[in-house]
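> Prediction below, plus the sequence it came from.
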Amino acid sequence: MSGMGLRIDQIEAICHLAEVLTGAVAARVILASQPLAAGELVIVEDVQNDPRLVDLQMPDSDQRVRFYARYPLLAPSGHSLGALCLYHPLPLSLDPRQTAGMSWLVLSLEAALAGQGSGGSAPRQASADSLGAMNLLISRDQLLGQIEALLAEAGHPPFALLRCELKDYGSVSATLGGRLAEVLMDEAARRLINAVPKSALLARFSDSQFIVLVPAVSDSDLIATIAQRMLDLFNEPFRVAEHRVPLSLAVGIALQDGDYTDVEEIVSDSNMALRMASRQIQSQYRFFDLETRRLAQESYALEAEVRLAIAQKEMVPFFQPIVDLTTAEPVGFEVLARWRRGHGPVVPPAVFVPVAKATGLSAELDLQIIERALEDAATLARVVPWRAMVLSVNLSANLLDDDLMRQRLLQLIDTHALPMGWQFQIEILEESLQDATTGFEAFLMQLVERRVRITIDDFGTGYSSLSRLSSLPINGFKIDMSFVQLLDDPQRPSNKLVATMGALADDLDLSTTAEGVETEPQRAWLVEHGFRFSQGFLFAPPMSLRESMHYLESLHLRSAAIVPPEPSSSSRPDSRWQRLMSRLRSRLP
């Protein structure tokens, strides 16, 4: 048996998996001593209806068999190498998923017997030791064949097609690598299997997509319940090795209620619905309807416009002041992207940034906006000469994940000198710290060498550990506007949470900027609790270069600049961590 490529423990594992998959009491692999003429597949739900098997007994028992299945194991030549047999003392029927799972199991076993191992041509051939949820899925071609068969049936039986996409798969794969990304996909498959009815068929449709066929159902309320269950199961972050990875899920749904006759048409409509669901930040499902078709067509047109706008460098930087809370005088600007769409109004980022991200163009957009902002800084500085200012820019995950784009940013910094007294600052999201690779940390150090400040944007909305905050060269963080706007809210005030963030920043020698300040009470509370910097509509909205110049001119600034403090020896990461631990210990009872 070992000469045929299988070990005893692998045989036992395969039999155990077959039992779990089908509910059969016993499974046995019976190998032929020499290749035989190919046998036939036999599945008898109740042996009493088949006189050939009426005297068959359960393995290692005198009990009669009522359910019996025999799956021939074929060599590449077509000859039989033996059989995988299932036994049960009661009548038993297999649903489509169980049937598909057994088909894959037999293919894997055949490949191992033929000595192909995991490198054979059978789909998803893994060793028996590593069989996972992905192996219980049918192939894409098999699922499309099932759809075609249903569409060809008389009476047009109803069914639902759910196309699911892991929205962040690309960045996760780039960060963790292909092997761990596949581990994550296996866990995603397991969660989807747990969310759908037993009659459903599942297949992996692409690197980041699954497709689910739910037969005999066209009730939108029932399908909505299934889709919501999928989303709920994806709320919990995935654990891959030592990584904790949040993933959002988008689901596009097309229902067959007699209108579809072509496989490509219903698959295309499910993709349109998926496209609309993917435009949302949070996990979402969407049904295909005429409105979805209209929105999808508009989305395709918008994508083409955004691609052209980035190619022709039509995106421009807007500047929102970062101010001293006590004096309301600007200490710098955050750079924000805007789109001058022809001769029409300026397009807000909520319209085009998701499109740039979905099309993989957000890094290119970042670099274009940063280059323009570096050039515009000289114009702004002429209005307030000899005044120290910060120019702060946002970096997307696409840029941080791409070494070529990172190097282009460093080259921009090297070739575009800021005015005297100005300092460059980058803002990154918390998630960028969680799975930072060696290349990422080296990139941060290259920024530090160029005297670039590094801050965390939207702090509190993602996840980061104290050790990462203290060990990386982080200069500060920006408190997300969602917390600032809930200060003194009667229903769920955020005062204690924001105060805790301020204390954390003090402990780690980090600066803070409160985003989204819109009212005088919010400003007064922040000043009272020691916060120094802020930005928001209370002070000024994002403005064009010309508007920003008028804004600076209107202030008649004469006072000395607020210079960002230089890192001292006491603010080294190891020193920060030691002082924070000491302070925490002093607070323990």
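Yes, it's here.
> Helix or strand: which one has residue 239?
In the assignment (DSSP states H and E), residue 239 maps to strand 238-240.
> Which residues does that strand contact?
Surrounding strand 238-240, the residues in contact under the criterion Cβ atoms under 8 Å, 6 or more residues apart in numbering are 176, 180, 183, 184, 187, 188, 244, 245, 246, 247. To be clear about C-beta, it is placed using only N, CA and C from the backbone, and glycine gets the same treatment.
> Just the buried residues of that strand, please?
Buried residues in strand 238-240, counting neighbours by 16 or more other Cβ atoms under 10 Å, are found at 238, 240.
> next SSE after it?
For strand 238-240, the succeeding helix or strand toward the C-terminus, using DSSP H and E, is strand 243-245.
> helices or strands next to that following strand in the packing?
For strand 243-245, the helices and strands in contact under the criterion 3 or more Cβ pairs under 8 Å, 6 or more residues apart in numbering; DSSP states H and E are helix 169-176, strand 238-240.
> Within its sheet, name the partner strands of the last one and how each one runs.
Listed by DSSP bridges, the sheet partners of strand 238-240 and their directions read strand 243-245 (antiparallel).
> any idea of the mean pLDDT for the partner strand?
Confidence over strand 243-245, taken as the mean pLDDT, stands at 74.
> Run the chain-centre distance for whichever helix or strand comes after that strand.
Following strand 243-245 in sequence order, the next helix or strand is strand 249-256 (DSSP H and E). Taking the mean of its C-alpha atoms, strand 249-256 sits 18 Å from the chain's own mean (Cα atoms, centre = their mean, to the nearest Å).
> Render the CA-only coordinates of strand 249-256 in CSV, please.
In CSV, the C-alpha atoms belonging to strand 249-256 read as follows (Å, rounded to 0.1, in the frame of the first residue of the first chain):
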residue,chain,number,x,y,z
LEU,A,249,-17.8,40.7,2.6
ALA,A,250,-19.9,41.9,-0.3
VAL,A,251,-22.7,39.7,-1.7
GLY,A,252,-24.5,40.2,-5.0
ILE,A,253,-27.7,38.3,-5.5
ALA,A,254,-29.7,37.3,-8.6
LEU,A,255,-33.0,35.4,-8.4
GLN,A,256,-34.3,33.0,-11.1
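> for that strand, what is the average pLDDT?
Within the predicted structure, the mean pLDDT of strand 249-256 is 93.
> ok, of the contacts of strand 238-240, which one's closest to residue 399?
residue 176 (18.0 Å; Cβ to Cβ).
> circling back: need the least confident one among the helices and strands packed on strand 243-245, by mean pLDDT.
Per-segment confidence across the helices and strands packed on strand 243-245 bottoms out at helix 169-176, which has a mean of 72 in mean pLDDT.
> can you give me how far the next helix or strand after it is from the chain middle?
Next in sequence after helix 169-176, counting helices and strands by DSSP H and E, comes helix 178-195. Counting by Cα atoms, centre = their mean, helix 178-195 is centred 12 Å from the centre of its parent chain.
> Please work out the average pLDDT along helix 178-195.
Mean pLDDT, taken over the full extent of helix 178-195, equals 85.
> angle of it against strand 249-256?
Using axes from the mean of the first three to the mean of the last three Cα atoms, to 10 degrees, one finds that helix 178-195 and strand 249-256 are set 50 degrees apart in direction.
> quick one on the thing from earlier: and among the helices and strands packed on strand 243-245, the most buried is which?
Across the helices and strands packed on strand 243-245, averaging neighbours per residue (mean count of other Cβ atoms under 10 Å) puts helix 169-176 on top, at a mean of 19.
> ok, the residue nearest the centre of the chain - contacts?
Most central in the chain under Cα atoms, centre = their mean is residue 168, positioned 2.3 Å from the mean C-alpha point. Taking Cβ under 8 Å, 6+ apart as the contact definition, residue 168 lies against 246, 247, 248.
> I'd like the distance between the second one and residue 273.
When distances are taken as Cβ to Cβ, to the nearest Å, residue 247 and residue 273 turn out to be 19 Å apart.
> Next: the last one.
When Cβ to Cβ is applied, the distance between residue 248 and residue 273 equals 16 Å.
> again, but for residue 483
Distance check for residue 483 against residue 273: by Cβ to Cβ, it reads 34 Å.
> Those two: who's more crowded?
With other Cβ atoms under 10 Å as the criterion, residue 483 and residue 273 differ in neighbour count, and residue 273 comes out ahead with 26 against 20.
> since we're on the closest residue to the more buried one other than its chain neighbours, how many residues are nearby?
Closest residue to residue 273 apart from its sequence neighbours, by Cβ to Cβ, 6 or more residues apart in numbering: residue 252 at 3.2 Å. Using other Cβ under 10 Å as the criterion, residue 252 is surrounded by 29 other residues.
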